[in-house]
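Peer 1: Kindly generate the corresponding structure for this input.
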Amino acid sequence: MKRTLAIAGSVAMVALAGCASKADRKAASGSFEYLKTQQQQELKVPEGLDTPETSREFALPELGKGANPNLVGKQLPVRSPSLVLPLVTGSHVEEGKSSATIWFDQVDDSQPLSQAIWNSLLSFLDEKGIGVDSFSPENKVLITDWMIITQEIEGPWYSVIDDESEIGRRFEFKLDVKPHGRSAALTVDLKDYMQTLGNDVIAEVDELQERREEVDVLNQVIGHYEYQIQLEKTRRIAQIRQGLSTELGFNADGDAAYIVGAQYDVAWPRTLLVLRKLGFDVKDLDKSNGLLFVSYNGGEDSWWGGLFSSDKELLKKGDYRLKVARAGAERTSITFMNNESKPFEANQVSDLYSSFAEVMSEDNLDI
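Peer 2: Okay, the predicted model is just below:
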């Protein structure tokens, strides 16, 4: 019987220990006797005696400018700091910066960086059902409507029913774009705050809670941005693996070329896969200029096997160049050239067309 009571008592102690409120877990614990400590006066040495040597090694530093002197004892929060998470490729944060800010670098040239950031932010707000109070792309400022959330507030451990608190927040997003347009900083500021708890209304928060609110919403925006990037990558990979239609045509300079029915960012990696399948080795490339430097090695099982005649080869082994260029919103031109950048003649382009188009149209090419 005594053993049973001991076990029951231990379980009760554990249960009570686990019933600490959220407020208790956010505040410092232990003894606060140090609050009663009085500042000691400096030692006064009588005239004529030597002043003993002292050390400042354990001296408390002076409070910094703007520091809150009330953050002592139980008023001192001990929660982990709110950190901006640079999850997006090419993003980073500045060390020591107090504002909720993240920097993005241009890694995708399909659209301007500022446009990509704004589109992602607007998409996030739309997904969360949050309205936009005002948006000025020229001034690079967006102010949200009220974000309303309902939270349960823990009552005492002995209480069965918890209270509900409604929290409303409005944020201001600012975009600082570098003159070259390839780097931009997104900063969020808490513009308005209101919390209702029963009949009580709280319209102000301290600096720590303000930063926590700003970092929390900024991290949600960053997470949404990264999710969109990964979703777009998956979609593009599916497009690249999918067969594309090809027709004979001309590039912007009037040279005979192949016209692929896809946007540049899909046609470019697809062309690399096709060239590998056709027996070419890519020696160098420059996507910004659409240039590919390749070498054709021939071979019995290469795609050109059916294009050899007994008296003349339509394509000799050696080095060649290709020019891949945008030819419209969903069209890309591919121009074959010799090693001196002279485009192939129209009849040669026509002779090679059927085999090139056949491989370009194949599905599920290995990436």
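Peer 1: Okay, strands next: where are they in this protein?
Peer 2: According to DSSP state E, the chain carries its strands in the segments 91-92, 100-105, 132-136, 141-144, 147-153, 163-177, 183-197, 200-202, 246-250, 256-260, 280-286, 291-296, 318-326, 332-337.
Peer 1: Report the strands that pair with the second one, each with its relative direction.
Peer 2: Strand 100-105 has its sheet partners listed here by DSSP bridges as strand 91-92 (antiparallel), strand 183-197 (antiparallel).
Peer 1: Among those, which comes closest to Arg236?
Peer 2: strand 91-92 (20.1 Å; C-beta to C-beta). Quick note: C-beta positions are derived from backbone N, CA and C, even for glycine.
Peer 1: pLDDT (mean, whole number) over the closest one?
Peer 2: Across strand 91-92, the average pLDDT comes to 94.
Peer 1: sorry, back to before: mean neighbour count and distance to Gln228 added to the strands of the chain, as CSV?
Peer 2: Formatted as CSV, the strands of the chain follow (neighbours: other C-beta atoms under 10 Å; distance: least, C-beta to C-beta, whole Å):
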stretch, mean neighbour count, distance to Gln228
strand 91-92, 16, 13
strand 100-105, 21, 13
strand 132-136, 13, 18
strand 141-144, 19, 17
strand 147-153, 12, 20
strand 163-177, 17, 17
strand 183-197, 17, 14
strand 200-202, 10, 35
strand 246-250, 15, 30
strand 256-260, 23, 26
strand 280-286, 13, 27
strand 291-296, 18, 29
strand 318-326, 18, 23
strand 332-337, 23, 24
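Peer 1: any chance of these in TSV, with distance to Leu273 too?
Peer 2: Conversion of the strands of the chain to TSV gives the following (distance: least, C-beta to C-beta, whole Å):
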stretch	distance to Leu273
strand 91-92	29
strand 100-105	28
strand 132-136	41
strand 141-144	40
strand 147-153	45
strand 163-177	35
strand 183-197	32
strand 200-202	59
strand 246-250	14
strand 256-260	12
strand 280-286	11
strand 291-296	12
strand 318-326	13
strand 332-337	13
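Peer 1: lowest-confidence stretch among the ones you listed?
Peer 2: strand 147-153 (a mean of 76).
Peer 1: Which one of the strands paired with strand 100-105 lies nearest to Ile237?
Peer 2: Taking C-beta to C-beta as the criterion, strand 91-92 is the member of the strands paired with strand 100-105 that comes nearest to Ile237, at 22.0 Å.
Peer 1: And that closest one, how far out from the chain middle?
Peer 2: What separates the centre of strand 91-92 from the centre of its chain is 8 Å, taken as C-alpha atoms, centre = their mean, to the nearest Å.
Peer 1: which residues sit against that strand?
Peer 2: 86, 102-105, 222 (C-beta atoms under 8 Å, 6 or more residues apart in numbering).
Peer 1: I'd like those written out as TSV, with distance to Phe280 added.
Peer 2: As requested, these are exported to TSV (distance: C-beta to C-beta, whole Å):
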residue	distance to Phe280
Pro86	38
Ile102	41
Trp103	39
Phe104	36
Asp105	32
Ile222	40
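Peer 1: Could you list the low-pLDDT ranges of this structure?
Peer 2: 1-27, 151-163, 298-314, 367 (pLDDT under 70).
Peer 1: How is it divided into domains?
Peer 2: Here the domain assignment for the chain is 73-238, 243-360, based on automatic domain parsing.
Peer 1: want to throw those domains into TSV with distance to Leu43?
Peer 2: Written out in TSV, the entries for the domains of the chain read as follows (distance: least, C-beta to C-beta, whole Å):
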stretch	distance to Leu43
domain 73-238	29
domain 243-360	72
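Peer 1: Indicate which one of those domains is closest to Thr37.
Peer 2: Thr37 lies closest to domain 73-238 among these, at 12.0 Å (C-beta to C-beta).
Peer 1: Pull up the distance across that closest one, start to finish.
Peer 2: By C-alpha to C-alpha, to the nearest Å, the extent of domain 73-238 from end to end equals 58 Å.
Peer 1: Touching, Val132 and Leu125? I think so.
Peer 2: Yes. Here Val132 lies in contact with Leu125, judged by C-beta atoms under 8 Å, at a distance of 6.3 Å.
Peer 1: shared neighbours, these two?
Peer 2: Between them, Val132 and Leu125 share these contacting residues under C-beta under 8 Å, 6+ apart: Thr144.
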